[in-house]
Each structure stands twice: as C-alpha cells, then as structure tokens.
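**Student:** Sharing a sequence plus its predicted fold:
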Amino acid sequence: MIYLALAISSLILAGIPAVMILRNRTALRSPAPVADGIRLPAVSVLIPARDEEENIVSAVDSVLANAGVELEVIVLDDQSQDGTAELVRDLSARDPRVRLEPAPPLPAGWCGKMHACHVLAGLARHPVLVFLDADVRLTPDALGRMLGFLQAGRADLISGVPRQITGTWLEKLVLPLIEFVLLGHLPLRRMRRRTSPAFGAGCGQLFMVRAKAYFQAGGHAAIRSTLHDGLKLPRAFRAAGLRTDLFNANDLARCRMYRNAAGVVNGLLKNAREGLAAPRMILPATLLLMGGHVSPWILLGWGLVTDSPHWELAALAVLLSGFPRLLMARWFRQSPGWALLHPVAITLFLGLQWWAWGRAFFGCPATWKGRSYPATGVPATGEALSLRRRAGEQTA
C-alpha cells in the first residue's frame, strides 16, 4: 500500500507540470515580424555594466544592428575596474546613438544592479525602455518585434528568456531548468487575465517597459534591495495594477550567462534567496520537484527490484516527468542528451536551493560583482554595513 500511495503521488506531481507545459507551449508566443508601414515608438536601450569589457562591445553592436527602430543606447559604467568605460567611449565616438554615463555611488539599501537600472531610467529620453544585461546579444530584428508585441498587447512590461548558451557540464545540466520551472508552474493564460502579483514573472536579462508605466509602478526604486529583478519587477508592476506578459525570446536573443561551474553556483545561490529558496517556498518546491521528477525514478527501480504489481504507475510517472523535458529541449534548442539527466538536474537544483536557504538562515551574505549583500538583500556597504556591525555589537 505504501508503494501504491507513493506511486500515485509521484504520478500526480509529475503530471501537474507536464500538463502546464503543454498548455503553455501554445500560449508562449514568439513576437511576429512587424509589417511594413507600422510606426514604432522610439526606444532607450539601457545596459548596466560593471567590469564587462568581455561583453560590452558585442552587446552594444547587437543593439545598433537593429534597423528600422529609432533608438539610443545608454551604458552605465558602475565603477568598473577594467576597460569597460574606454570601450564604450570608443563606441560612442563611432556612433552618436551610444552614450556612456558614470554611476553615482551606491546608496545604502540598494542592490547594485537595481540602482544602476534606476539611474539609467532617469537618463532615458524615449517612451519605451529596454533593460538589457551586458551578456545578452539581440538579433537584428529583436527590438522591432518586441515593440510590435508590446503595442499589440495590453501589457506595460514584457519579458522573455533569451536562448541560454551553455559550455560547461553544469551549465548544460542546470540552466535549462529556467524554462522548465517557469512554464511548468505559471499558467500563462491566467496570468494575462489577472494583475495579481502572484502571477508576476520575467527574466532580468531582458525587459521592455513603457516608461510612463515604469515610473508609475515605482520602477527599480520599488525593488531596490532585491537581487532577483526577474521576479520582483513584474510583481511591482502588478502591485500597481499594471499588466505584464511573457514572450518566447529564443529566436530574438541569446545569452552566455556563466562561464564556469563556480559562476553557475554563485548565480543560482544569489537568485534562489528570493525565489524557490524563500522560507515560504522551499518546502512546497521540494515536495513538487522531488516528488514529481526524482521519486518516480527511485520508485520505478524499487518496483522492478521487488516485482511490485504497481511498477507501471511509477513508469508512467517517469514518462510524465521526462517527456515534457525532452519536448522543451527541442523547443528551446537544448541538448536532448542532457535532458535525459533531468532527475539529476532537479536534485542538484534543489540542493542549491537548500544551500541558499541555509546561508540566508544563518545570515551569510551573498556576493555578486565584487559586492556583498546580507541575507535581506541590502548591500553590505556604507551605512548598511555600519548598522549591521552596530547591531551585532549590541547583540553580543
């Protein structure tokens, strides 16, 4: 009876995201090419850059290659210690649409990226803003298609996950779970019908927003202490009664997010604190992902070894867990071979979530781009660090 109950539970937990992924596949649209004669609004492409000399030229060049769109590119040099600023000055001399701006000192209570995006928005001249990470490369038609998608819909913020370029084994194993978790657990059609913050989601690598709505929602100032703008910025818009939407960015943009295993681990730990590793999410996420995508394989092996009469249920749960993952590998041009290691990927992913939860629980800071952030997400610099130290001394 125990085996039967576990097999049925795994079947249900595997089936929920499987059904959701199949339903969301038709709802996640790729922006269509813009018809001739359609007038598009001008756009300000805003790129926060901190020590991005390896990326910045390619990123800006990919934006400038977008024809048929009036645009400006503003790069904020966030106290880089490498040649980022010099490279952008060269780009600006070559093309007047490019501007380099220096970042003011980071105020207490702000995450570095949120502050950089906030400053960039204040410098922008055009009615549509695009927040673009320096490691993203746009296709020559990306901005036009995104503007068409924005105009055709009712949303004030749109976002998409660029095609993730992976090199190392950990990248190939874990990063495809970005789309899996998103499409397996967020009902896109319901998201479009409602403005509840609970349905807010996006990708911090690529946002397009209406400037007026951005300031109405409070922009990045409303989420100043977060490390996870992909989740928190759409929720800030929705909290202000505005709509957000998602599109398939797989053929519009690409991104090599990390370069090695250490980068993958640090990046996922940083974002996990306000995502699945949040105190209210960690247990339900573990139950859903472990129960639906790891347990079926364990139960199948157990059933075959013990000759259980219910092993077929575990086998069906394995199929429900693995088949959508293989479909997504095809849809998003990922390696099907690595998709076969789905239960291993889920196990590693959940391990990182618990690691992030444990670090936050014990007050360990997250580090990113040479800055340290305490468990609350507030930068451990300047006044914030001083206050923490004083609090520690008083407690001691």
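**Tutor:** Happy to help now that I have it.
**Student:** Tell me the secondary structure of residue 54, please.
**Tutor:** Following DSSP: H, G, I helix; E, B strand; the rest coil, we place residue 54 in the coil state.
**Student:** you'd agree residue 106 is in a helix?
**Tutor:** No: under three-state DSSP, residue 106 falls outside any helix and is assigned coil.
**Student:** How about the contacts made by the nearest residue to residue 82 once chain neighbours are set aside?
**Tutor:** Here the nearest residue to residue 82 in space, its sequence neighbours aside, is residue 53; by C-beta to C-beta, 6 or more residues apart in numbering that works out to 4.4 Å. C-beta here means a position set from N, CA and C on the backbone, and glycine is covered the same way. Shown in contact with residue 53 (C-beta atoms under 8 Å, 6 or more residues apart in numbering): 80, 82-84, 87.
**Student:** In contact with residue 48, which residues?
**Tutor:** Neighbour list for residue 48: 76, 78, 103, 113, 116-117, 120, 131, 133-134 [criterion: C-beta under 8 Å, 6+ apart].
**Student:** quick revisit: which among the contacts of residue 53 count as buried?
**Tutor:** For these, a burial check counting by 16 or more other C-beta atoms under 10 Å picks out 80, 84, 87.
**Student:** and the residues you listed, which of them are in helices?
**Tutor:** Using DSSP state H, 84, 87 are the members of the buried ones among the contacts of residue 53 that sit in helices.
**Student:** pLDDT check: weakest of the buried ones among the contacts of residue 53?
**Tutor:** Among these, residue 80 carries the weakest pLDDT, at 94.
**Student:** Spatially nearest residue to it (excluding sequence neighbours)?
**Tutor:** The shortest distance from residue 80 to any non-neighbouring residue, by C-beta to C-beta, 6+ apart, is to residue 51 (4.9 Å).
**Student:** quick one: that neighbour is in a helix?
**Tutor:** No: according to three-state DSSP, residue 51 belongs to no helix; its state is coil.
**Student:** residues contacting it?
**Tutor:** For residue 51, the contact set (C-beta under 8 Å, 6+ apart) comprises 80-82, 84, 369-370.
**Student:** Tabulate these (CSV), appending distance to residue 7.
**Tutor:** Shown next, in CSV, are the contacts of residue 51 (distance: C-beta to C-beta, whole Å):
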residue, distance to residue 7
80, 55
81, 56
82, 55
84, 55
369, 46
370, 49
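**Student:** what's the farthest-apart pair in those?
**Tutor:** Spatial extent of the contacts of residue 51 (C-beta to C-beta) is set by the pair 84 and 370 at 13.1 Å.
**Student:** shared neighbours, the two?
**Tutor:** Shared contacts of residue 84 and residue 370 (C-beta under 8 Å, 6+ apart): 50-51.
**Student:** okay but residue 282 is in contact with residue 357, surely?
**Tutor:** Yes: counting by C-beta atoms under 8 Å, residue 282 does reach residue 357; the two are 5.1 Å apart.
**Student:** And the strands in this structure?
**Tutor:** With DSSP state E as the criterion, the chain has strands at 43-49, 71-77, 98-102, 128-132, 136-138, 157-159, 163-164, 206-210, 244-246, 253-255, 366-368, 371-373.
**Student:** can you redo these as TSV with mean pLDDT and distance to residue 273?
**Tutor:** As requested, the strands of the chain are arranged in TSV below (pLDDT from 0 to 100; distance: least, C-beta to C-beta, whole Å):
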stretch	mean pLDDT	distance to residue 273
strand 43-49	98	20
strand 71-77	98	25
strand 98-102	97	29
strand 128-132	98	21
strand 136-138	98	23
strand 157-159	98	20
strand 163-164	94	21
strand 206-210	98	20
strand 244-246	97	22
strand 253-255	97	21
strand 366-368	78	7
strand 371-373	80	9
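**Student:** Indicate which one of the ones you listed is closest to residue 315.
**Tutor:** With C-beta to C-beta as the measure, strand 163-164 is the member of these nearest residue 315 (30.6 Å).
**Student:** Okay, now the unreliable bits of this protein?
**Tutor:** Applying pLDDT under 70 to the chain flags the ranges 375-396.
**Student:** Not counting its neighbours along the chain, what's nearest the residue nearest to the spatial centre of it?
**Tutor:** In the chain, the centroid-proximal residue (C-alpha atoms, centre = their mean) is residue 203; its distance is 3.4 Å. Nearest residue to residue 203, sequence neighbours excluded (C-beta to C-beta, 6+ apart): residue 161, at 4.5 Å.
**Student:** And for residue 233?
**Tutor:** Here the residue nearest residue 233, using C-beta to C-beta, 6+ apart, is residue 223, at 6.0 Å.
**Student:** residues in contact with stretch 86-96?
**Tutor:** 49, 53, 56-57, 60-61, 64, 75, 77, 98-100.
**Student:** Burial check on residue 114, number of neighbours?
**Tutor:** For residue 114, the count of nearby residues is 27 (other C-beta atoms under 10 Å).
**Student:** Grab the longest helix from this structure for me.
**Tutor:** helix 2-27.
**Student:** how far does that one sit from the chain's center?
**Tutor:** In this view, helix 2-27 has its centroid 24 Å away from the chain centroid, taken as C-alpha atoms, centre = their mean, to the nearest Å.
**Student:** Could you do stretch 278-289 as well?
**Tutor:** That offset, for stretch 278-289, works out to 18 Å (C-alpha atoms, centre = their mean).
**Student:** contacting residues around that stretch?
**Tutor:** 13, 16-17, 185, 275-276, 346, 349-350, 353-354, 357.
**Student:** how does it look with 7 Å?
**Tutor:** Residues outside stretch 278-289 that contact it (C-beta atoms under 7 Å, 6 or more residues apart in numbering): 13, 276, 346, 350, 353-354, 357.
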